[in-house]
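A.B. asks: The following comprises the amino acid sequence and a computationally predicted model.
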Amino acid sequence: MICCQILIKERHPSLIMQFPSHPRTFTELRESMEAYAITPALQDQFTRCISFHTITAPGLFIGVFMVDYALELLQAQQGEKLYAVAETYKCIPDPVQIIAGCTFGNHRLQVLPIGKFAITINRPAEKSIARAVRVYVDIKKLKNFRIINAWYTHSPGFDSSDMVYPLIDQILVAGRDILSYQWVNVRVPHKESWKSVPCPYCGEMVPDVTLENGHCRGCSSMSYFTVVS
């Protein structure tokens with residue numbers, strides 16, 4: 001834990017809230033976590049996730065609680081191979097990557113831009129369907145936490161000028177009390193066989209299964225740049 005703290009301070013000497021006008025040091029955050037009886041193990045997960053995410057965004061804190069809860073429900077062991085789906089790009093994919101080890105690079109994290117604060121985690125499966133646990137922010141439970149509810153529902157009642165610290169504190173107090181879970185079945189995609197082929201337009205090599213009308217996606221539906229000559 002001490003090494004993690006030093007590393008964070010070296011990389012981010014003034015870790016800040018999502019709202020830059022409200023600086024809050026890591027030391028102050030740690031004191032808050034201690035005050036709200038967050039376990040040392042979970043504090044370590046917060047430390048790692050904050051360092052990776054670079055800002056102590058409220059959604060990140062909720063995401064840490066979500067992943068920790070999902071792994072407990074699965075009775076997952078540290079380092080166990082898992083797969084995950086995040087239903088938003090905002091904040092929660094990072095705790096999934098850091099805590100559960102499901103990353104974009106190892107192809108074990110999928111993000112669906114549904115817009116819900118929810119994650120689903122499952123073990124590998126030989127069949128086309130796998131049993132999984134889905135953890136999500138429960139709007140009914142949010143009603144017990146006025147500040148979180150105002151922030152989460154994007155209410156005009158949430159004022160970032162003076163409610164940022166109370167928001168984080170209330171998230172730390174609430175923990176899992178704003179979350180619910182359900183057991184679900186998820187479809188398990190199977191690997192496709194493919195061969196590498198050149199795109200006839202740009203000449204770069206791509207898997208043949210990704211071609212669209214004979215061209216790579218970078219030259220068609222996923223084009224996002226123009227070459228500067």
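C.D. replies: Nice, I can see it.
A.B. asks: can you pull the contacts of the nearest residue to Met163 once chain neighbours are set aside?
C.D. replies: In this structure, Met163 finds its nearest non-sequential neighbour in Ile147, 5.9 Å apart by CB to CB, 6 or more residues apart in numbering. Any C-beta I mention is one placed from the backbone N, CA and C, and that applies to glycine too. Residues in contact with Ile147 (CB atoms under 8 Å, 6 or more residues apart in numbering) are Phe158, Met163, Pro166, Leu167, Gln170.
A.B. asks: Just the buried residues of the longest helix anywhere in the chain, please?
C.D. replies: Secondary structure of the chain per DSSP state H: the longest helix is helix 58-74. Buried residues in helix 58-74, counting neighbours by 16 or more other CB atoms under 10 Å, are found at 58-71, 74.
A.B. asks: Most widely separated two among the contacts of Ile147?
C.D. replies: With CB to CB as the measure, no two of the contacts of Ile147 lie farther apart than Phe158 and Gln170, at 11.5 Å.
A.B. asks: Helix or strand next in line after the longest helix of the chain, which one?
C.D. replies: strand 83-86 (DSSP states H and E).
A.B. asks: Run the chain-centre distance for that next one.
C.D. replies: Here the centre of strand 83-86 is set off from its chain's centre by 9 Å, with CA atoms, centre = their mean, to the nearest Å.
A.B. asks: From the contacts of Ile147, list just the buried residues.
C.D. replies: Buried members of the contacts of Ile147, scored by 16+ other CB under 10 Å, are Phe158, Met163, Leu167, Gln170.
A.B. asks: residue ranges for the helices of the chain, please.
C.D. replies: 2-11, 26-35, 40-53, 58-74, 93-95, 139-142, 146-152, 164-174.
A.B. asks: JSON lines please, covering those and showing mean pLDDT and distance to Gly101.
C.D. replies: Shown next, in JSON lines, are these (pLDDT from 0 to 100; distance: least, CB to CB, whole Å):
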{"stretch": "helix 2-11", "mean pLDDT": "35", "distance to Gly101": "17"}
{"stretch": "helix 26-35", "mean pLDDT": "77", "distance to Gly101": "23"}
{"stretch": "helix 40-53", "mean pLDDT": "91", "distance to Gly101": "12"}
{"stretch": "helix 58-74", "mean pLDDT": "97", "distance to Gly101": "10"}
{"stretch": "helix 93-95", "mean pLDDT": "98", "distance to Gly101": "11"}
{"stretch": "helix 139-142", "mean pLDDT": "96", "distance to Gly101": "28"}
{"stretch": "helix 146-152", "mean pLDDT": "95", "distance to Gly101": "27"}
{"stretch": "helix 164-174", "mean pLDDT": "90", "distance to Gly101": "24"}
